[in-house]
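*Asks:* Fold the following, please.
(4 chains)
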There are 2 protein chains.
Amino acid sequence: MNTAAGTHHPADASHSDLHELVEVHLHRIDQRYTAGRQAVVELLATSGRPLSISDIARAIPDVPRSSAYRHLSDLQDAGVVRRIAANDEFARFELAEDLTHHHHHLLCSLCGRVIDVTPTSDFERTVSAMVDELTRQQGFRATSHALDVIGHCASCHEN
Amino acid sequence: MNTAAGTHHPADASHSDLHELVEVHLHRIDQRYTAGRQAVVELLATSGRPLSISDIARAIPDVPRSSAYRHLSDLQDAGVVRRIAANDEFARFELAEDLTHHHHHLLCSLCGRVIDVTPTSDFERTVSAMVDELTRQQGFRATSHALDVIGHCASCHEN
DNA sequence: GCGTAGAATGAGACTGAGTCTCATTACAAC
DNA sequence: GTTGTAATGAGACTCAGTCTCATTCTACGC
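*Replies:* Residues are numbered from 1 along each chain as shown, chains lettered A, B, ... in the order given. Sure, this is the predicted structure:
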């Protein structure tokens, strides 16, 4: 499996492409791509891991909390940002997969860190088959899926 | 795949067995299996789906909120209860898998409902292989995993 | 059975993530 | 430039979840 933890930068291919793409997504729901929103997207794109609100507040302190929440919510509506629920009590945010690439998460139950990993094609085939089955049997219409592996990250079980 | 949504009752085999097992788990960490804790376990066992705190408060109103939280936290420490983070903002609780059986979740992004499904052995084999790989490559020590499929449940996309 | 130490509980204050409101500012169209 | 509308900042507000502390229960020795 190819892991991408901490090393992939979704905007590597072309940084301006990302922002143009986000702008298109926003325009689709009649929203502007303002400076505050750009700052949030830029941060999520370069961080390479899902960020909590406190991460975001720390990184871009000139964007007030209430605005950051609103930007994230608007970007979520535009399909640009995805909210993920970690095992601790607060939410984290990352760029949506169609702007980056499909991946899963390792959740450290000690420090709360979230690490991205890209799945093998073998794995994804099995998941897709499973999801198809569910759609039929449960009448459940899947839009996406996420595998969360819970455990202890390298730096935590060292200590 | 065998789905078990809404139909499996973990304690079907023997209800008293479950409570004895929980008692053992609690004693292991020097905790008593009191009436309040029994009420919570009983509720989780018979509900057949992960419950939020408001579900629990509604079902057993004579157990105060602060006690319910404490019971859940103690039961979690004993390895009897697992806390799962749904996609909405609040946590849900279910009996740990070694008291029931290994399963995954369908999360309805419209109504917040969480549906349990049991994985195929084929799927679990692939996941285990993937998790082993991670352990080696990332130095991540996995303790458990969960596949969340996000989408719309039958009753939501009917309307 | 009785007394006592420690565990469990209930009530309610407290914390902080996330939401809402509203006055102000920026922008787009004419 | 003017005007209507969208976006923003500040801060009040809500409510899930935690903490504290006085009270009640339980196990155990006598």
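*Asks:* Could you list the contact residues of chain A toward DNA strand C?
*Replies:* Contact residues, chain A versus DNA strand C (Cβ under 7 Å from any atom of the strand): A:32, A:34-35, A:52-54, A:65-66, A:69-70, A:73, A:89-91. For glycine as for every other residue, the C-beta is placed from the backbone atoms N, C-alpha and C.
*Asks:* Type out the ChimeraX command that picks the buried ones from those residues.
*Replies:* Provided next is the ChimeraX selection string for whichever of the residues of chain A next to DNA strand C are buried by 16 or more other Cβ atoms under 10 Å in any protein chain shown:
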select /A:52,91
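*Asks:* So which of the residues of chain A next to DNA strand C sit within strands?
*Replies:* A:52, A:91 (DSSP state E).
*Asks:* Of all the residues of chain A next to DNA strand C, the one with the weakest confidence?
*Replies:* By pLDDT, A:Glu89 ranks lowest within those, coming in at 66.
*Asks:* what's the distance between the residue sitting furthest away from the middle of chain A and B:Cys153?
*Replies:* Distance from the C-alpha centroid of chain A, by Cα atoms, centre = their mean, peaks at A:Gln137 (29.1 Å). Noted for A:Gln137: a distance of 13 Å to B:Cys153, by Cβ to Cβ, to the nearest Å.
*Asks:* And for A:Cys108?
*Replies:* From A:Cys108 to B:Cys153 the distance is 30 Å (Cβ to Cβ).
*Asks:* top helix in chain A by residue count?
*Replies:* helix A:121-138 (DSSP state H).
*Asks:* for it, packing partners?
*Replies:* Contact here means 3 or more Cβ pairs under 8 Å, 6 or more residues apart in numbering or on different chains; DSSP states H and E; on that basis helix A:121-138 packs against strand A:141-152, strand B:114-117, helix B:121-138, strand B:141-152.
*Asks:* Can you show me the CA trace of that helix as CSV?
*Replies:* Extracted in CSV, the C-alpha atoms of helix A:121-138 (Å, rounded to 0.1, in the frame of the first residue of the first chain):
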residue,chain,number,x,y,z
SER,A,121,-6.9,-0.7,-5.2
ASP,A,122,-7.6,-4.2,-3.9
PHE,A,123,-9.0,-2.8,-0.7
GLU,A,124,-11.2,-0.3,-2.6
ARG,A,125,-12.6,-3.0,-4.9
THR,A,126,-13.7,-5.0,-1.8
VAL,A,127,-15.2,-1.9,-0.2
SER,A,128,-17.1,-1.0,-3.4
ALA,A,129,-18.5,-4.4,-3.6
MET,A,130,-19.6,-4.2,0.0
VAL,A,131,-21.2,-0.8,-0.5
ASP,A,132,-23.1,-2.0,-3.6
GLU,A,133,-24.4,-4.9,-1.6
LEU,A,134,-25.6,-2.5,1.1
THR,A,135,-27.4,-0.3,-1.4
ARG,A,136,-29.4,-3.2,-2.5
GLN,A,137,-30.1,-4.9,0.8
GLN,A,138,-30.7,-2.0,3.1
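*Asks:* List the contacts of that helix.
*Replies:* A:1, A:102, A:119, A:140-142, A:145, A:147, B:1, B:3, B:5, B:106, B:115, B:117, B:119-120, B:122-123, B:126-127, B:130, B:147, B:149, B:153-154 (Cβ atoms under 8 Å, 6 or more residues apart in numbering or on different chains).
*Asks:* Name the nearest residue to the residue nearest the centre of chain A, sequence neighbours excluded.
*Replies:* Of all residues in chain A, the one closest to the mean position by Cα atoms, centre = their mean is A:Glu94, 2.5 Å from it. Distance criterion Cβ to Cβ, 6 or more residues apart in numbering or on different chains; nearest residue to A:Glu94, sequence neighbours excluded, is A:Pro50 at 4.1 Å.
*Asks:* What segments of chain A are helices?
*Replies:* A:15-28, A:35-47, A:53-59, A:65-77, A:121-138, A:154-158.
*Asks:* And the fifth one, what's buried?
*Replies:* For helix A:121-138, burial by neighbour count (16+ other Cβ under 10 Å) applies to A:123, A:126-127, A:130-131, A:134, A:138.
*Asks:* out of those residues, which one sits closest to A:Ala78?
*Replies:* A:Val131 (24.6 Å; Cβ to Cβ).
*Asks:* could you redo the helices of chain A as CSV and give each row distance to B:Gly79?
*Replies:* Below are these laid out as CSV (distance: least, Cβ to Cβ, whole Å):
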stretch, distance to B:Gly79
helix A:15-28, 44
helix A:35-47, 34
helix A:53-59, 30
helix A:65-77, 35
helix A:121-138, 27
helix A:154-158, 19
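*Asks:* Compare the mean pLDDT across the ones you listed and name the weakest.
*Replies:* Among the helices of chain A, helix A:154-158 carries the lowest mean pLDDT, at a mean of 79.
*Asks:* Give me the contacts around that one.
*Replies:* With Cβ under 8 Å, 6+ apart as the criterion, helix A:154-158 contacts A:108, A:110-111, A:113, B:138-141.
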